[in-house]
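Q: Here is my input; please provide its structure:
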Amino acid sequence: MRLCSIAVVALFFSLWVTQAFGQQQTPQLGLTSASSPAPSPTPIVFSAQTLADLKRLQEAALRSDYAYRQVAHLANNVGPRLSGSAQAAKAVEYVASELKAIGCEVQLEKVMVPHWVRGEETAALVQFPGQAENTTQKIVLTALGASVATPPEGLTSEVFAVKNFDELKALPREKVAGKIVLFNYPFDKQMAAEGRAGEAYGEAVVYRSDGPSAAARLRAVACLIRSVGGADYRLPHTGLTDYANDAPKIPAAAVTAEDADLIADLARQGLVKMKLVLTPQTLPEVESANVIGDIKGTEHPEQVIIVSGHLDSWDLGTGAIDDGAGVAVSMEAANLIQKLHLKPKRTIRVIAWMNEENGSAGSKQYAKDHGKENHFAAMETDNGAGHPIGIHIKGKPEVKKMLAPVAAVLQESGAGTLDLVEHCGADIEPLEKAGVPSFSPIQDSRFYFNYHHTAADTLDKIVPKELAENSVVVAVLAYALANMEQPLPR
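A: Numbers count the residues shown, from 1 in each chain. I've put the predicted structure just below:
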């Protein structure tokens, strides 16, 4: 009791000293005078309880194999999921049932998607310098998405290589008319090795999207591109081409890097002719769906945080890294929040988008149907399953500062980097353009484009531990956004 009395006396003495001498000391310290209003306290962004829950999510995600089991089923049991296919329909059904099983409010939202079917695809050099009598050279290739067909028996014509659009434009039309053009623009593997694979892809992919129309404007009969990817295993990489309205549609395909170099080398020596057979079909559109699963917010259910990946995939592989992994870690975020009985203040909405690969019909339809809703933030995972090092942010610089406590939690699993970028995901792009703060994991993408859009996009490319680390980023960020005490600046 005596100790308490001493403490009380000391407290009052301290207060008296402060009141008696505070005004005299203030000018010497350069502080505001006693008559000035006291500075406002810094607003709290995350409560202590939320930060503790983020650590729980992190620990649970690292122990869980739920995401791996989901991507394994999508890749191995369902298989390739090109829009309009039976496998795409099966995947919609499967993901919807799984989200219902963990307690999400699930909706299948109708979207009409293209139904392009790959047919026969073969090519051979039938005339070239130094050719042995009665022989041909096989060329390994694959049709680009949306490509039109050659005649059923194929077409045979001279093929020549250019490196880029400038080289093509420099040629007279008569040099190109009636021939097959090859764009031999290489994917920059050194750039990818330095961790800038996305930049390397962006530089090369323009030839896949725009090359066929550029060649068609000069009356070429077909267009080939060097595959957009880094592997040296004679793997062709498919992907969508974008036919322009002002040019004829001509057959289009991607050849392997090795075969692109072969053709370019032979063409420098003399005349090279190719027989090309592509028989894809574009069938009538098919009804499909975006799969949407909500965990309703307890305080602001009208404010929505999107957590997403795209469910469709190209048909050469089984769509494990592109983008079964993105769908799986999004599902895992919802699974862990439910399993730990956490209560997000805002609605967390898991979306498995349909038709990202060849048209983005799913995200466009969502923007039409939900564009007026209050989207607090949007996240997409669509860059494989490599080890994550942090979070890409498409938003104002203040967002990066606000998420510093989240970065501190994520740094415990090696993912504490925050980086401002111009773009976070194809499916959330309409929301980005509307000013919604957007996010995606920063992933190790050095090897992603070795397998991207190829027959090698299979489950074995996913390391379970690294997939779990991605689940940490997605789950922690989703719940942090849902329970922020402050709105995100726009």
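
Q: hey, let's count contacts and neighbours off CA atoms from now on
A: Noted.

Q: Check which helix or strand residue 351 maps to.
A: Taking DSSP states H and E as the definition, one finds residue 351 inside strand 346-353.

Q: Sorry, wrong one. I was asking about residue 159.
A: In this assignment (DSSP H and E), residue 159 forms part of strand 155-162.

Q: Which other helices and strands does that strand contact?
A: If you count contacts as 3 or more C-alpha pairs under 8 Å, 6 or more residues apart in numbering; DSSP states H and E, strand 155-162 packs onto strand 180-183, helix 257-269, strand 273-278.

Q: closest one to residue 428 among those?
A: Distance to residue 428, taken as C-alpha to C-alpha, is lowest for strand 180-183 among the helices and strands packed on strand 155-162, at 30.8 Å.

Q: elements contacting the closest one?
A: strand 155-162, helix 197-217, strand 222-226.

Q: Kindly recompute the last result at 7 Å.
A: strand 155-162, strand 222-226 (3 or more C-alpha pairs under 7 Å, 6 or more residues apart in numbering; DSSP states H and E).

Q: for those, which one sits closest to residue 355?
A: Closest to residue 355 of the helices and strands packed on strand 180-183 is strand 222-226 (C-alpha to C-alpha; 23.1 Å).

Q: Now do that closest one: which elements does it pack against?
A: Using 3+ C-alpha pairs under 7 Å, 6+ apart as the contact test, the elements touching strand 222-226 are strand 180-183, helix 197-217, strand 252-255.

Q: and with 10 Å instead?
A: Judged by 3 or more C-alpha pairs under 10 Å, 6 or more residues apart in numbering; DSSP states H and E, strand 222-226 is in contact with strand 141-143, strand 155-162, strand 180-183, helix 197-217, strand 252-255, helix 257-269.

Q: Mind putting the ones you listed into JSON lines with mean neighbour count?
A: JSON lines is the format used below for these (neighbours: other C-alpha atoms under 10 Å):
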{"stretch": "strand 141-143", "mean neighbour count": "28"}
{"stretch": "strand 155-162", "mean neighbour count": "21"}
{"stretch": "strand 180-183", "mean neighbour count": "28"}
{"stretch": "helix 197-217", "mean neighbour count": "21"}
{"stretch": "strand 252-255", "mean neighbour count": "28"}
{"stretch": "helix 257-269", "mean neighbour count": "18"}
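
Q: Of these, which is nearest residue 239?
A: Closest among the helices and strands packed on strand 222-226, using C-alpha to C-alpha: helix 197-217, at 7.4 Å.

Q: now that closest one: how far from the chain's centre is it?
A: Computed by C-alpha atoms, centre = their mean, to the nearest Å, the chain-centroid distance of helix 197-217 equals 18 Å.

Q: swap in stretch 96-114?
A: Here stretch 96-114 shows a centroid-to-chain-centroid distance of 20 Å under the convention C-alpha atoms, centre = their mean.

Q: Only alpha carbons, please: show stretch 140-160 as CSV.
A: Taking Å, rounded to 0.1, in the frame of the first residue of the first chain, the C-alpha atoms of stretch 140-160 are listed here in CSV:
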residue,chain,number,x,y,z
VAL,A,140,7.5,-29.1,-85.2
LEU,A,141,4.7,-26.5,-84.8
THR,A,142,1.3,-25.9,-83.3
ALA,A,143,-1.6,-23.8,-84.5
LEU,A,144,-2.2,-20.5,-82.8
GLY,A,145,-5.6,-20.0,-81.1
ALA,A,146,-8.3,-18.7,-83.4
SER,A,147,-6.2,-19.7,-86.5
VAL,A,148,-8.1,-20.4,-89.6
ALA,A,149,-7.4,-23.6,-91.5
THR,A,150,-5.3,-24.3,-94.6
PRO,A,151,-7.1,-26.3,-97.3
PRO,A,152,-7.6,-29.9,-96.1
GLU,A,153,-4.8,-31.1,-98.2
GLY,A,154,-2.6,-28.3,-97.0
LEU,A,155,-0.7,-25.6,-98.9
THR,A,156,2.8,-25.6,-100.3
SER,A,157,4.7,-22.4,-100.7
GLU,A,158,8.1,-20.7,-100.3
VAL,A,159,8.9,-19.7,-96.7
PHE,A,160,11.2,-17.0,-95.6
